[in-house]
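Colleague: Sequence first, then the predicted structure, then my questions.
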Amino acid sequence: MRKHWGKATISTMLIAALVLGGCGSGSGAKNNASEGGGGTEVSKEGFPIVQEPVKLKMFTRIAPVNGPFKDMPVFQDYEKMSNVQMEFIESPTDGFAEKKNLLFASNELPDIMYRSAISPLEAVRYGSGGQLIPLENLIEEYAPNLNKLMEEYPEIRASITTPEGHIYTIPGIVTLDSARTDKRWINTAWLEKLNLKVPETLEELYEVLVAFRDQDPNGNGQQDEIPITARTGLPIVVAMSGSFGLDQQFGYNVNIVDDKVEIWMGSERNKELLVFLNKLYQENLLDHEVFSHTEAQYLAKQGSGNTGVFFDQTNNNFLPIADQYTGIAPFEGPHGDRLQSQGAPVPRDQGAFAITSVNKHPEVSMRWIDYFYSDEGSTLLRFGREGEHYELVDGIPTYKPEFATAETQPKLTPYAGGGAPHLISEYVASYINPPQVQEAQKALAPYMPQIRYAAPMFDEQTAQKVNTLRNDIDKYYEEQSTKFIAGALSFDKWEEFQSTLKKMNIEELQQIYQDAYDKMAK
Amino acid sequence: MKNAEIHETAAAPRFRKERGSRLIRQIARRYDLYLMLLLPIAWYLLFHYGPLYGLQIAFKNFNPGKGILGSSWVGFENFQRFFDSYYFWRLLWNTLSINLFSLLIAFPIPILLALLINEIRSKSYSKLLQNITYIPHFISVVVIVGILTVLLSTNGPINMLIQALGGSEIRFMESAGWFKTIFIGSNIWQNMGWQSIIYIAALSGINPQLYEAAKMDGASRMRRIWHVSLPGIVPVIVILLILDIGQFMNIGFEKILLMQNNLNLEASDVISTFVYTTGILKGEYSYTAAIGLFNSLINLTLLLLVNRFARKTSETSLW
């Protein structure tokens, strides 16, 4: 009797284990099954969007400066207004890419991807696999505000439509020029003290940086000034490449001259650029922590007042000492080039919003997001409640002083920290575009390229090809450029660098971009 | 954990020889022990054998939306791409060399430490030494790398010292030449105490009469270590060596990833970090599954080779 009981238990438990194991791998499939609307009536205009409350799950990135989304006035008020209840799944900026890809890979999808920075390659991959649904018809019917913007700025549609005509993601749209460039801030207090004038050319810049290094402009008797710094990694290259005639089209290292696409990474001009940056690095002019400091450390350097030249979109990070700095024009290079190469297209934040296949209310979701592409909705998102968080000054929403600090402002709105799907127009930009920043933008404006092309969309196969090519090429380019600048690799190796790029089929990649451009031009 | 595995495998052949019916009767008699075994078995099935099913994506063009079965077959294309890749030889060399150097340098040190601690007469002093050496094991990898960064930065204490002695600053964390030294050196510091515990346990199991006999015969301290202590723990050393080889290609993923930057990538780019950055961050699941499979195959080959070698030379082996 006892023996039988034992055997039975063993076999049941073994079977249980096997069945459980089976469940683990099978659970992915059942998410796909839920299809079809829930029978809720969607109104095409006005609010609420639905009469019966609808619940949706939103996966969103949350920046270190933000507070919880459920405490933000925009989501509290909009829930009452629209009758759509959002459940937020917040994932910190650090490790967000990993979390996002794992959601797709394991097929455990939320209803909505928000602030998700889905790249064009990812959009095509997950869209063609059916995990993201095509949005073009929904936009047509349920997104009047977005539609209007897309008509006004044709480059938006071009940058998000695949060759098959599908739209899988909606970008954050920036009609305000100033929100698409990093200004070039120079320490005018130091310039005045050392009796120097604003540098116009790279040579003058070099002289000024040497003076910053040697003549102790902060007056503490030590050589602790940082003459020039930038965000971690290669943004310094992007910031300076315009002085060598190297543009940043398609969000990549690409020049477009006379309808010809050139990937310039292996060009002689790029060598000159890297030689110049290497000189700055070797002579202690370029911050030696430029490849290792964190974002927070970089922002602290901005606020310290101990930096000569740096790059940022706004003056928000150094507000208390903002009067020490002025935004200046790009520097003229050795061949007479003077270009603001750094900059983003109107559809600035790509892949900011997407609807997944498990979403039972795609129409509701589309109407929900469309509101934020109007000045009214964007004001709610960025400024909160009138009277409580902001007031109209000269007809323009402006934060009350207590919400205009680096502490309180990011807790109020999900746009702080970047990448939120909404409209950034001049109307909603009082905080990021104060007069000083407007002046700085004016200095850049004459040197902006005429058109800024966003990264193109490819069909699934081409996207795969581009992905394969760029994984190798970009990794190699980043590593070698860093080494050239830091002096860890001598310029004797330049030809090897060129030939390796060639071996990695950079010419094939160039042809793919050329084809994409030709299609766009038609 | 390691001990448990040793016992299981040592016990296995004995059962195999016996007849089926007797085996069942024995199982029935000792069913309570087998019940305890169920949990580990379930764990192995769930987490080690279950995922093997997904391995097929290495031979497919996996798109999560289409599922594992729905994705199309591509044969060895993913492997081909990896072997043709510019990074192939560099990844292979770094992975093998970092682990090989670790094994050559870091493996013997806990043994030496255990022998040393075993020879200390004062109980309290040896306990103190043991505690001090194994405390670093409990510090998280992130903190360890943070400590390294601070210590070795250009204005950190070590560079201060070098400059005070008239040398010029060394950019430790940002040079490919220093990477392996720092990585392996800090690993030794962190783990030698912990890894010596098993050896110390094995040493305390040696019959004291052997030492006394050796003493009577006039053997010096070094002689006693050489002829009594070491032979006493050789089986443990061999087993641990084989287990280490089993982990050969996977060691130190988090730490390498944390220490990695573009300036030391030449020496720090290894297969496991490459799989993470390309597979998880860029979503190339099939390609990196193929690389992972390749990695495991190398590992399995090494394990079989070492096991065979160990069986031939020292008669101690896993199977």
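Modeller: Yep, that arrived.
Colleague: okay, now the closest residue to B:Arg90 other than its chain neighbours: neighbour count?
Modeller: Leaving aside its chain neighbours, B:Arg90 sits nearest to B:Asp269 (6.0 Å; criterion: Cβ to Cβ, 6 or more residues apart in numbering or on different chains). The C-beta positions use only the backbone N, C-alpha and C, and glycine is treated the same way. B:Asp269 has 22 neighbours, counted by other Cβ atoms under 10 Å in any protein chain shown.
Colleague: measure B:Asp269 to B:Leu104 for me?
Modeller: 21 Å (Cβ to Cβ, to the nearest Å).
Colleague: Only the buried residues of stretch B:156-167, if you could.
Modeller: By neighbour count on 16 or more other Cβ atoms under 10 Å in any protein chain shown, the buried set for stretch B:156-167 is B:156, B:159.
Colleague: got the CA coordinates for it in PDB?
Modeller: Provided in PDB are the C-alpha atoms of stretch B:156-167 (Å, rounded to 0.1, in the frame of the first residue of the first chain):
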ATOM      1  CA  GLY B 156      42.800  58.600  -8.100                       C
ATOM      2  CA  PRO B 157      45.200  57.400  -5.400                       C
ATOM      3  CA  ILE B 158      47.200  55.000  -7.500                       C
ATOM      4  CA  ASN B 159      48.000  57.600 -10.200                       C
ATOM      5  CA  MET B 160      48.800  60.100  -7.400                       C
ATOM      6  CA  LEU B 161      51.300  57.700  -6.100                       C
ATOM      7  CA  ILE B 162      52.800  57.000  -9.500                       C
ATOM      8  CA  GLN B 163      53.100  60.800 -10.100                       C
ATOM      9  CA  ALA B 164      54.600  61.400  -6.600                       C
ATOM     10  CA  LEU B 165      57.200  58.800  -7.500                       C
ATOM     11  CA  GLY B 166      58.000  60.700 -10.600                       C
ATOM     12  CA  GLY B 167      56.100  58.500 -13.100                       C
END
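Colleague: what about it, near chain A?
Modeller: No. Using Cβ under 8 Å from any Cβ of the partner chain, we find that stretch B:156-167 stays clear of chain A, coming within 12.3 Å at best.
Colleague: So for that stretch, mean pLDDT?
Modeller: The average of the pLDDT scores along stretch B:156-167 is 90.
Colleague: For that stretch, which outside residues touch it?
Modeller: Contact partners of stretch B:156-167, identified using Cβ atoms under 8 Å, 6 or more residues apart in numbering or on different chains, comprise B:150-153, B:168-170, B:172.
Colleague: Going by secondary structure, the residue nearest the centre of chain A is in what exactly?
Modeller: With distances taken as Cα atoms, centre = their mean, A:Asp349 lies nearest the centre of chain A, 5.0 Å away. Under the criterion of DSSP states H and E, A:Asp349 resides in strand A:347-355.
Colleague: so after that strand, what's the next helix or strand?
Modeller: Beyond strand A:347-355 in the direction of the C-terminus, DSSP H and E gives the next helix or strand as helix A:362-370.
Colleague: Which strands and helices lie in contact with that next one?
Modeller: Helix A:362-370 makes packing contacts with strand A:54-62, helix A:73-82, helix A:136-142, helix A:144-152, strand A:347-355 when contacts are defined by 3 or more Cβ pairs under 8 Å, 6 or more residues apart in numbering or on different chains; DSSP states H and E.
Colleague: Most tightly packed of these?
Modeller: strand A:347-355 (a mean of 25; mean count of other Cβ atoms under 10 Å in any protein chain shown).
Colleague: what's near enough to touch the residue in chain A that chain B sits nearest to?
Modeller: Relative to chain B, the nearest point of chain A is A:Gly129 (2.3 Å; Cβ to the nearest Cβ). Contacts for A:Gly129 (Cβ under 8 Å, 6+ apart) come out as B:63-66.
Colleague: Quick check: the farthest pair among these?
Modeller: The largest separation in those, counting by Cβ to Cβ, is between B:Pro64 and B:Lys66 at 7.5 Å.
Colleague: more neighbours, these two?
Modeller: Under the criterion of other Cβ under 10 Å, the comparison of B:Pro64 against B:Lys66 puts B:Pro64 first, with 25 against 16.
Colleague: Which secondary structure state is assigned to the more buried one?
Modeller: Assigned with DSSP: H, G, I helix; E, B strand; the rest coil, B:Pro64 falls in the coil class.
Colleague: Please work out how many residues are found near the residue nearest to A:Trp368 when sequence neighbours are not counted.
Modeller: Nearest-residue entry for A:Trp368: A:Val84, 5.2 Å, with adjacent residues in sequence omitted and distances by Cβ to Cβ, 6+ apart. Each residue near A:Val84 was counted by other Cβ under 10 Å, and the total is 20.
Colleague: beta partners of A:Val84?
Modeller: In this entry, A:Val84 is beta-bridged to A:Val54, by DSSP bridges.
Colleague: and the gap between it and A:Ala143?
Modeller: Distance of A:Val84 to A:Ala143, given as Cβ to Cβ: 15 Å.
Colleague: what residues are up against A:Ala406?
Modeller: A:65, A:316-317, A:319.
Colleague: if we go to 7 Å?
Modeller: By Cβ atoms under 7 Å, 6 or more residues apart in numbering or on different chains, A:Ala406 lies in contact with A:Asn316.
Colleague: what about A:Pro68, how many residues close to it?
Modeller: A:Pro68 has 11 nearby residues by other Cβ under 10 Å.
Colleague: Now it: closest residue in space that isn't a chain neighbour?
Modeller: Leaving aside its sequence neighbours, A:Pro68 sits nearest to A:Glu90 (Cβ to Cβ, 6+ apart; 7.0 Å).
Colleague: now swap in A:Ala158 and tell me
Modeller: Using Cβ to Cβ, 6+ apart and skipping the chain neighbours, the partner closest in space to A:Ala158 is A:Met520 (5.9 Å).
Colleague: What strand or helix carries that neighbour?
Modeller: Per DSSP H and E: A:Met520 is located in helix A:506-521.
Colleague: which helices and strands does that helix pack with?
Modeller: Helices and strands touching helix A:506-521, by 3 or more Cβ pairs under 7 Å, 6 or more residues apart in numbering or on different chains; DSSP states H and E, are strand A:260-263, helix A:460-486.
Colleague: Give me the buried stretch members for it, please.
Modeller: Under the neighbour-count criterion of 16+ other Cβ under 10 Å, helix A:506-521 has A:506, A:509-510, A:512-514, A:516-517 buried.
Colleague: Adding distance to A:Phe484 and pLDDT as columns, could you present the residues you listed in a markdown table?
Modeller: Converted to a markdown table, these look like this (distance: Cβ to Cβ, whole Å; pLDDT from 0 to 100):
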| residue | distance to A:Phe484 | pLDDT |
| --- | --- | --- |
| A:Ile506 | 17 | 95 |
| A:Leu509 | 21 | 96 |
| A:Gln510 | 21 | 96 |
| A:Ile512 | 26 | 95 |
| A:Tyr513 | 24 | 95 |
| A:Gln514 | 27 | 95 |
| A:Ala516 | 29 | 90 |
| A:Tyr517 | 28 | 91 |
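Colleague: now, among those residues, which is nearest to A:Phe250?
Modeller: Comparing these against A:Phe250 with Cβ to Cβ places A:Tyr513 closest, at 6.1 Å.
Colleague: wait, what's in contact with whatever residue of the stretch 51-200 of chain B ends up closest to chain A?
Modeller: The stretch 51-200 of chain B approaches chain A most closely through B:Gly65 (2.3 Å), counting by Cβ to the nearest Cβ. Shown in contact with B:Gly65 (Cβ under 7 Å, 6+ apart): A:126, A:129-131.
Colleague: and among the helices and strands packed on helix A:506-521, the most buried is which?
Modeller: Highest mean neighbour count among those (mean count of other Cβ under 10 Å): helix A:460-486, with a mean of 20.
Colleague: quick one, that helix and helix A:506-521 angle?
Modeller: Going by axes from the mean of the first three to the mean of the last three Cα atoms, to 10 degrees, helix A:460-486 is angled at 120 degrees with respect to helix A:506-521.
Colleague: who in the stretch 251-400 of chain A is up against chain B?
Modeller: A:288, A:291-292 (Cβ under 7 Å from any Cβ of the partner chain).
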